[in-house]
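Undergrad: Quick one, structure for this:
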Amino acid sequence: MGLYNFKPQFVGAILSGQKTHTIRALRHHPDSPGNTMHLYTGLRRKGARLLGRMECAQVETITIREESSVSFLGATGRRFEVKINGEKLAADECEQLARRDGFSSFHEMMDFWDGRLPFCGQIIHWRHPR
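TA: Down below sits the predicted model:
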């Protein structure tokens, strides 16, 4: 049984079914397929809200790291490498990952991760009740 807290920015995507997974650091007692996940916002605060109880569908390893930083005409271009279960994602797969994680683009997702890389953890998928 996993408790998961989400920032307010993700609530709409979770409730609509757009967000179908969460990326988290390794846990001492990780969820596994079939477990019930309890998704909240504002957990451990007055007014905490249960967003839903979802069935864990799949757990995979994920690594995210910055490949390089290149200066071009005074602007900095950043490139990232994302691997799921050791397999490097192509650019279009990174976009799909970001959208399923509740972001509008991979660029927006990497802005969220700024200052937290390199990262190694898990991507925990759930089944949204229909």
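Undergrad: Need the distance between the two termini of stretch 15-27.
TA: In stretch 15-27, first residue to last residue: 24 Å (Cα to Cα, to the nearest Å).
Undergrad: Buried residues, it. List them.
TA: Residues Lys19, Thr20, His21, Thr22, Ile23, Arg24 are the ones in stretch 15-27 that count as buried (16 or more other Cβ atoms under 10 Å). Glycine gets a C-beta too; all of them are placed from N, C-alpha and C.
Undergrad: pretty sure the second one is touching Leu97, no?
TA: Right, the one you point to is Thr20. No - assessed by Cβ atoms under 8 Å, Thr20 is found out of contact with Leu97, at 10.4 Å.
Undergrad: one step back: can you put the buried residues of stretch 15-27 in CSV and add secondary structure and pLDDT?
TA: CSV is the format used below for the buried residues of stretch 15-27 (DSSP: H, G, I helix; E, B strand; the rest coil; pLDDT from 0 to 100):
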residue, secondary structure, pLDDT
Lys19, coil, 95
Thr20, coil, 93
His21, strand, 96
Thr22, strand, 96
Ile23, strand, 97
Arg24, strand, 96
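Undergrad: Most widely separated two among these?
TA: By the measure Cβ to Cβ, Thr20 and Arg24 form the most distant pair in the buried residues of stretch 15-27, at 14.2 Å.
Undergrad: what lines up beside the helix-or-strand element of the chain with minimal mean pLDDT in the sheet?
TA: Across the helices and strands of the chain, mean confidence by mean pLDDT, DSSP states H and E is lowest for strand 75-84: a mean of 81. When pairs are called by DSSP bridges, strand 75-84 turns out to pair with strand 49-72 (antiparallel), strand 87-88 (antiparallel).
Undergrad: Extract the CA atoms of the first one and return them as PDB.
TA: Presented in PDB, the C-alpha positions along strand 49-72 are these (Å, rounded to 0.1, in the frame of the first residue of the first chain):
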ATOM      1  CA  ARG A  49      -7.600  15.400  -0.600                       C
ATOM      2  CA  LEU A  50      -7.800  11.900  -1.800                       C
ATOM      3  CA  LEU A  51      -7.600  11.900  -5.600                       C
ATOM      4  CA  GLY A  52      -8.200   8.200  -5.900                       C
ATOM      5  CA  ARG A  53      -7.200   4.700  -5.200                       C
ATOM      6  CA  MET A  54      -5.500   3.100  -8.200                       C
ATOM      7  CA  GLU A  55      -4.200  -0.300  -8.900                       C
ATOM      8  CA  CYS A  56      -0.500  -0.500  -9.500                       C
ATOM      9  CA  ALA A  57      -0.100  -1.800 -13.100                       C
ATOM     10  CA  GLN A  58       3.700  -1.800 -13.500                       C
ATOM     11  CA  VAL A  59       7.000  -0.700 -11.900                       C
ATOM     12  CA  GLU A  60      10.100   0.100 -14.000                       C
ATOM     13  CA  THR A  61      13.500   1.600 -13.300                       C
ATOM     14  CA  ILE A  62      14.100   5.100 -14.700                       C
ATOM     15  CA  THR A  63      17.300   7.200 -15.000                       C
ATOM     16  CA  ILE A  64      17.400  10.800 -16.100                       C
ATOM     17  CA  ARG A  65      20.600  12.600 -16.700                       C
ATOM     18  CA  GLU A  66      21.900  15.600 -18.500                       C
ATOM     19  CA  GLU A  67      24.100  14.500 -21.500                       C
ATOM     20  CA  SER A  68      25.800  17.800 -22.200                       C
ATOM     21  CA  SER A  69      25.500  21.500 -22.200                       C
ATOM     22  CA  VAL A  70      26.400  23.300 -25.300                       C
ATOM     23  CA  SER A  71      26.800  27.100 -25.700                       C
ATOM     24  CA  PHE A  72      25.400  28.400 -29.000                       C
END
